[in-house]
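*Asks:* below are the sequence and a predicted model; questions follow.
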Amino acid sequence: MYQQLAWQITVALTVVLGLVFAFIALNAGKWTEYAPLQMRAYRLRTGFFWTLVLLLTPVLVYSMSELPYDAAHRHPGNKPQVIDAVGYQWYWILSSNEVTVGRPVEFHVTSGDINHGFGIYDQDMRLVGQTQAMPDYVNKLQLVFRKEGTYKVLCMEYCGIAHHNMLAEIRAVAPTPVPSEDNK
């Protein structure tokens with residue numbers, strides 16, 4: 001969806017830019033008084049700036065609302081599950097490979113040898129979240145898994161000859177129902 005929209009916006013802006021260049025080329029030989037032209041250009045520039053602000057602010061807010069980085073704050077009642085992830089040539093060690101759907105998860109990602117890219121992919125191999133795994137440094141990645149299933153953890157940065165085998169799996173399972181007072 002975003003790619004199609006980006007393509008349409010790019011084509012539209014390219015046409016507008018072409019029209020601006022054509023206008024400038026057609027009017028380049030005309031002599032005009034500078035001061036009124038300067039004032040008109042300042043007004044045009046100010047109007048263009050505020051138009052961009054008004055048009056792009058909703059786009060920014062909408063597109064940023066789906067990012068996973070604020071997962072723990074959007075679920076204040078749920079303390080995040082913490083999973084330690086350490087990358088080595090050519091495998092991952094995860095402190096747990098099972099998460100609960102709808103519960104925030106915080107990955108503490110580091111490396112035991114060289115830099116690795118820590119990427120989590122859903123069943124359709126779409127990237128769900130990613131960060132870097134670096135020696136002597138812990139990056140934190142917060143996610144909420146929305147669907148049950150098996151997610152793959154792949155290395156996103158070439159780390160040597162067996163890089164393509166660097167794979168781990170995380171199972172997202174449905175939350176266990178809490179017994180109610182009526183069922184006791």
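*Replies:* Noted; the coordinates are in hand.
*Asks:* wait, what's in contact with the residue lying closest to Met166 once chain neighbours are set aside?
*Replies:* Spatial nearest neighbour of Met166, excluding adjacent residues (C-beta to C-beta, 6 or more residues apart in numbering): Cys155 at 3.9 Å. All C-beta spots, glycine's among them, are computed from the backbone N, C-alpha and C. Neighbour list for Cys155: 87, 90, 92, 116-119, 163, 166 [criterion: C-beta atoms under 8 Å, 6 or more residues apart in numbering].
*Asks:* same thing with His108?
*Replies:* 82-85, 138-140.
*Asks:* pull out the buried residues from the helix or strand hosting it.
*Replies:* Assigned by DSSP states H and E, His108 falls within strand 104-111. Within strand 104-111, the residues scored as buried using 16 or more other C-beta atoms under 10 Å are 104-107, 109-111.
*Asks:* could you check the angle the next helix or strand after it makes with strand 104-111?
*Replies:* Sequence order places strand 116-121 as the next helix or strand after strand 104-111, per DSSP H and E. Counting by axes from the mean of the first three to the mean of the last three C-alpha atoms, to 10 degrees, strand 116-121 lies at 150 degrees to strand 104-111.
*Asks:* residues contacting strand 116-121, please?
*Replies:* 85, 87, 92, 107, 109, 127-133, 139, 141, 143, 151-157, 159, 166, 170.
*Asks:* so which of those are in helices?
*Replies:* Among the contacts of strand 116-121, DSSP state H puts none in helices.
*Asks:* residues contacting Met125?
*Replies:* Lys152 are the contacts of Met125 under C-beta under 8 Å, 6+ apart.
*Asks:* can I take it that it is in a helix?
*Replies:* No: assigned with DSSP: H, G, I helix; E, B strand; the rest coil, Met125 falls outside any helix and is coil.
*Asks:* in the contacts of Cys155, find the pair that's most separated.
*Replies:* Using C-beta to C-beta, those span at most 14.7 Å, a distance reached by Trp90 and Gly119.
*Asks:* lowest-pLDDT helix or strand in this protein?
*Replies:* Least confident element among the helices and strands of the chain, by mean pLDDT, DSSP states H and E: helix 71-74 (a mean of 54).
*Asks:* next up, the contacts around Lys79.
*Replies:* Counting by C-beta under 8 Å, 6+ apart, Lys79 has contacts Pro104.
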